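>>> can you look at this prediction? I've put the sequence above it.
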Amino acid sequence: MNLEKLYRQYKEPSMEGRYITFDKIYPILKKLNTSNQLEIIGKSVLEMPIYKFQIGTGKIKILLWSQMHGNESTTTKALIDFLNVLNGGSELAKTLLETFTFCTIPMLNPDGAKLYTRENANQVDLNRDSKELSQPESRVLREAFENFEPDFCFNLHDQRTIFGVESTGKPATMSFLAPAYNEEREVNETRLKAINVISGINDVLQNYIPGQVGRFDDGFNINCIGDTFQFLGVPTILFEAGHFQNDYYREETRKYVFMALISSFKILSENDLVCSKFDKYLSIPQNKVVFYDFLYKNIKINYDGIEIITSFAAQYKEELINDQICFNAYIVHIGELDNYFGHFEFDAKGAIYQDDINNFPKLNQKASFYLDNNTKFVNGSISV
């Protein structure tokens, strides 16, 4: 199967960027709703509708949800791309629809999506609410889970640019987890099914992003929805869409989420879960916080009349301004950075730091400055 070609064919052209709201996905879902597959299953805190799109007649039931965190939209785009495949009339679509029944919730947290926040409108992290079920969105997902009785769950998220694949210097473009079902993080039959699917996905993705697939931390927390569903006996797979080089809008990463989804269902349709792939799963390197967006090395600064050589790092804040996501770089660390990488790195080779404030980098200051070698930085990047 040519996954690159498949993605290009079914990528939804009306969706791009990071700011994906209900207003953007609803016209697409309505277009896909050719046989009454679309249904309102609840409302958010601010009374926004929460939709499920259910399609297929197969025996294997798959529950997928995205944008549980409102500012994590990459998997929503890829999920819509996948729905385009299912509605495309191809032989692949026919096979998938005969094998599976898909229940998808493309946007669980429409209020958070509109505000571009992790939390919902009550400032609650829905992924820490699976036990209390204090929020309407949490109750919608639990009710969908109980009514649909899935055989597998796909918990679709984004992760920050700070994550790398251990200490390799490569970003964790995609990361996966078969969540623990108990404090001891044991592996039972349920968790092993999720582990085997992830091992198969990794085999595929290594052909496209070698060394850029990570394994998410499996510390048990019953308040997290993936841990809860695994505890309840349903194999659950966590997707974490991360950073690809120079892809802050996550259009390249979107492709790898799509590939991972297609690969998952190919593995499940072939029932390739008989033999344990636990060792292969453990061989996937763990995520590690080793990246900053910008890393500046060997910069000379004047500290109380004494010239010293130091390094500092800057990180983007994704700020919603006039319905657009603005990437604004702020200084977040000054000092030792030997064990970190930057998605952008610059070696000043002893050039003197200067800015329009006090000629000294400070935490939470905008990363706009210049060096005495005529190099100027605006919002973190070199200004041409």
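Okay, I see it.

>>> top strand in this structure by residue count?
strand 306-321 (DSSP state E).

>>> ok and the helix or strand just after it relative to strand 306-321, angle-wise?
Downstream of strand 306-321, the first helix or strand assigned by DSSP states H and E is strand 324-334. Between strand 324-334 and strand 306-321, the angle comes out at 160 degrees (axes from the mean of the first three to the mean of the last three CA atoms, to 10 degrees).

>>> and the residue lying farthest from the centre of the chain, how far from residue 355?
Residue farthest from the centre of the chain, counting by CA atoms, centre = their mean, is residue 305 at 45.3 Å. Going from residue 305 to residue 355 by CB to CB, to the nearest Å gives 18 Å. For the C-beta atoms, the positions are set from N, CA and C on the backbone; glycine is no exception.

>>> check which residues of the longest helix that the chain contains are buried.
Taking DSSP state H as the criterion, the chain has its longest helix at helix 251-269. For helix 251-269, the neighbour count (16 or more other CB atoms under 10 Å) marks 251, 253-268 as buried.

>>> would you map the helices across this protein?
Counting by DSSP H, the helices of the chain are 3-10, 22-32, 74-86, 91-99, 110-115, 136-148, 189-205, 225-231, 251-269, 278-282.

>>> closest to residue 40 out of those helices?
When the helices of the chain are compared by CB to CB, helix 136-148 sits nearest residue 40, at 9.8 Å.

>>> which residues touch the closest one?
41-45, 50, 52, 54, 61, 63, 65, 68, 103, 105, 108-109, 120, 126, 129-130, 132-133, 153, 225, 229, 234 (CB atoms under 8 Å, 6 or more residues apart in numbering).

>>> and stretch 195-203, by the same measure?
152, 176-178, 187, 213, 235, 237, 260, 263-264, 267-268, 272-273, 275-278, 280-281, 284.

>>> one more time with 6 Å
Residues outside stretch 195-203 that contact it (CB atoms under 6 Å, 6 or more residues apart in numbering): 176, 178, 213, 237, 260, 263-264, 267, 273, 277-278, 280-281, 284.

>>> let me know the closest of those residues to residue 343.
The shortest approach to residue 343 among the contacts of stretch 195-203 belongs to residue 213, at 17.5 Å (CB to CB).

>>> residue contacts, that closest one?
174, 202, 205.

>>> let's see that with 10 Å instead.
Taking CB atoms under 10 Å, 6 or more residues apart in numbering, we find residue 213 in contact with 165, 170, 172-176, 198, 201-206, 242, 256, 260, 284-285, 287.

>>> just residue 312 next, same as before
Residues in contact with residue 312 (CB under 10 Å, 6+ apart) are 292, 294-297, 299, 301, 331-335, 337, 353, 361-363, 365, 367, 369.

>>> just for this structure, where's the confidence low?
The model of the chain has pLDDT under 70 over residues 272-274.

>>> now the residue positioned nearest the centre of it, which residues is it bridged with?
Nearest residue to the geometric centre of the chain (CA atoms, centre = their mean): residue 158, 1.6 Å. Per DSSP bridges, the residues bridged to residue 158 are residue 241.

>>> pretty sure residue 330 is touching residue 365, no?
Yes. The criterion here is CB atoms under 10 Å, and residue 330 meets it with residue 365 at 6.7 Å.

>>> just the CA atoms of stretch 40-53, as CSV, please.
Extracted C-alpha coordinates of stretch 40-53, given in CSV (Å, rounded to 0.1, in the frame of the first residue of the first chain):
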residue,chain,number,x,y,z
ILE,A,40,-25.2,15.0,18.3
ILE,A,41,-24.4,13.0,21.4
GLY,A,42,-24.1,15.8,23.9
LYS,A,43,-23.2,19.4,24.5
SER,A,44,-20.2,21.2,26.0
VAL,A,45,-20.1,23.6,28.9
LEU,A,46,-20.9,26.5,26.6
GLU,A,47,-23.7,24.5,24.9
MET,A,48,-21.7,23.6,21.8
PRO,A,49,-22.8,20.4,20.1
ILE,A,50,-20.5,17.3,20.4
TYR,A,51,-20.9,15.1,17.4
LYS,A,52,-20.1,11.4,16.7
PHE,A,53,-19.7,10.1,13.2
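
>>> any idea how far it is from the middle of the chain?
Distance of stretch 40-53 from the chain centroid (CA atoms, centre = their mean, to the nearest Å) equals 22 Å.

>>> can you check stretch 158-170 too?
12 Å.

>>> before we move on, the earlier item: restricted to buried residues, select the contacts of residue 312 in ChimeraX.
This is the ChimeraX syntax for the buried subset of the contacts of residue 312, where burial follows 16+ other CB under 10 Å:
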select :292,294,295,296,297,299,301,331,332,333,334,337,353,361,365,367,369
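
>>> mind listing what's buried in stretch 202-209?
202, 204-205, 209.

>>> can you check stretch 135-152 too?
Buried, per 16+ other CB under 10 Å, within stretch 135-152: 135-138, 140-142, 144-145, 148, 150-152.

>>> reformat the residues you listed as CSV; add distance to residue 78.
Compiled in CSV, those are given as follows (distance: CB to CB, whole Å):
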residue, distance to residue 78
135, 25
136, 26
137, 21
138, 23
140, 22
141, 19
142, 24
144, 20
145, 21
148, 21
150, 19
151, 21
152, 17
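
>>> go through stretch 49-57 and flag the buried ones.
Buried residues in stretch 49-57 (16+ other CB under 10 Å): 50-56.

>>> nearest to residue 87 among those?
Taking the buried residues of stretch 49-57 together and measuring to residue 87 by CB to CB, the closest member is residue 55, at 7.6 Å.

>>> one step back: would you turn the contacts of stretch 195-203 into TSV with distance to residue 82?
What follows is the contacts of stretch 195-203, written out as TSV (distance: CB to CB, whole Å):
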residue	distance to residue 82
176	17
178	21
213	19
237	14
260	10
263	11
264	10
267	15
273	21
277	24
278	27
280	25
281	23
284	23
